[in-house]
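*Asks:* give me a model of this one.
(one chain, ligands or ions: 1)
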Amino acid sequence: LIQIYMPLNFLGFVYREIKQALVDMEKMFGMIRQQSDINDAPDAATLKINGGAVEFENVSFHYAENRKILKDVSFTVDAGTTTAIVGASGAGKSTISRILFRFYDITAGRILVDGQDIKDVTQKSLRQQIGVVPQDTVLFNDTIRYNIRYGRPDATDEEVENAARHAQIHDFVMGLPEGYDSEVGERGLKLSGGEKQRVAIARTILKDPAILLLDEATSALDSETELGIQQALEKISESRTTIVIAHRLSTIVNANEIIVLDAGEIVERGTHDDLLTRKGAYFSMWQKQKEATAVLQKLEELDELP
Ligand code: ATP
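*Replies:* Numbers count the residues shown, from 1 in each chain. Okay, the predicted model is just below:
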């Protein structure tokens with residue numbers, strides 16, 4: 001009986017692990033899907049990485065037949081450079097990261113990584129090369145060490161702690177009564193949005209992917225936390241191919257290219273300076289954010305009055 005029970009028990013364990021990982025990924029992208037209809041091609045190759053250049057070639061996509069989401073989108077992110085995607089809510093920004101991760105297949109065009117169509121390579125080898133720092137990180141109901149190590153399961157304790165240091169969360173963890181063995185997640189310690197994001201950054205540092213997808217949080221963090229996170233993000237995106245979905249334009253002034261998306265179409269592209277000179281859609285977004293920041297500053301100053 002034991003001979004049958006042991007493998008079954010093990011399979012149950014593996015099943016639960018895989019299921020939890022999938023749930024995490026899906027939550028990470030803010031979506032619930034019934035089942036995956038993405039399959040590897042029968043002769044799918046392993047993605048060969050050479051810097052991690054990303055190319056969208058006339059990409060169109062829809063979730064439902066009657067509503068086009070991306071329309072003929074083309075852009076290139078050279079290896080090691082940063083492209084930022086901005087645009088109103090619902091413009092299709094997060095969709096770009098979902099289809100690069102191949103959660104969905106596109107309806108027209110091609111997406112290439114280092115010249116290889118992502119449809120022709122295994123999903124596993126593609127996803128291994130993409131690190132995602134999502135808007136809202138979902139933590140496993142496990143220790144903080146487990147949650148960071150998830151980025152690379154064979155990492156040593158020392159590597160986990162080093163990653164945490166780079167993500168500026170080590171001191172916080174050391175201040176917890178049980179340190180790295182503290183339980184987090186729904187049944188454990190509740191972490192703030194900024195702390196969870198640092199865990200995601202530490203995970204990504206361990207994973208060391210060629211391509212980085214950063215989905216900037218829309219929720220406001222306090223300015224000190226935000227600065228810390230911004231510094232940690234800048235560090236991991238340094239000389240790594242990076243796509244940032246940005247909500248605060250102040251964080252992307254140094255991007256190599258900024259793409260402005262409107263209702264699934266690219267309406268403007270260029271550097272921050274180019275786009276300001278053009279005085280188009282990006283310029284008005286910039287002006288609006290500047291005004292909003294000035295108002296917030298005034299309110300903060302008033303708050304400080306005796
Ligand atoms: P935000 O800034 O608010 O995050 P976004 O630009 O990232 O917005 P997307 O999340 O890419 O926008 O969504 C683009 C459009 O696709 C939206 O209108 C959204 O309602 C729709 N959409 C997103 N996910 C799905 C889905 N799973 N099924 C059907 N429609 C979807």
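*Asks:* can you list the weak-confidence ranges in the stretch 201-306 of the chain?
*Replies:* Where the stretch 201-306 of the chain drops to pLDDT under 70, the residues are 217-225, 305-306.
*Asks:* let's see 50
*Replies:* Confidence mapping of the stretch 201-306 of the chain against pLDDT under 50 gives zero matching residues.
*Asks:* quick check: the residue of it nearest the ligand.
*Replies:* Using Cβ to the nearest ligand atom, the closest approach of the stretch 201-306 of the chain to the ligand is made by Ile245 at 6.4 Å. (C-beta placed from N, C-alpha, C; glycine too.)
*Asks:* next up, the contacts around that residue.
*Replies:* Ile245 makes contact with 84-85, 93-94, 96-97, 213-216, according to Cβ atoms under 8 Å, 6 or more residues apart in numbering.
*Asks:* which of the residues you listed fall within helices?
*Replies:* In helices, judged by DSSP state H, the following of the contacts of Ile245 are found: 93-94, 96-97.
*Asks:* I'd like those as TSV, with pLDDT appended.
*Replies:* Formatted as TSV, the ones in helices among the contacts of Ile245 follow (pLDDT from 0 to 100):
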residue	pLDDT
Lys93	93
Ser94	90
Ile96	94
Ser97	92
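*Asks:* in JSON lines, list those along with neighbour count and distance to the ligand.
*Replies:* JSON lines is the format used below for the ones in helices among the contacts of Ile245 (neighbours: other Cβ atoms under 10 Å; distance: Cβ to the nearest ligand atom, whole Å):
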{"residue": "Lys93", "neighbour count": "22", "distance to the ligand": "4"}
{"residue": "Ser94", "neighbour count": "19", "distance to the ligand": "3"}
{"residue": "Ile96", "neighbour count": "26", "distance to the ligand": "7"}
{"residue": "Ser97", "neighbour count": "20", "distance to the ligand": "8"}
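*Asks:* before we move on, back to that, bridging residues for the residue of the stretch 201-306 of the chain closest to the ligand?
*Replies:* Beta bridges link Ile245 to Ile85, Asp215 when assigned by DSSP bridges.
*Asks:* neighbours around the closest residue to Thr95 other than its chain neighbours, how many?
*Replies:* Closest residue to Thr95 apart from its sequence neighbours, by Cβ to Cβ, 6 or more residues apart in numbering: Ile69 at 5.4 Å. If you count neighbours by other Cβ atoms under 10 Å, Ile69 ends up with 20.
*Asks:* where does Ile69 sit: helix, strand or coil?
*Replies:* Secondary structure, DSSP: H, G, I helix; E, B strand; the rest coil: Ile69 is strand.
*Asks:* that one touches Gly90, doesn't it?
*Replies:* No. At 9.0 Å, Ile69 does not count as touching Gly90 under the criterion of Cβ atoms under 8 Å.
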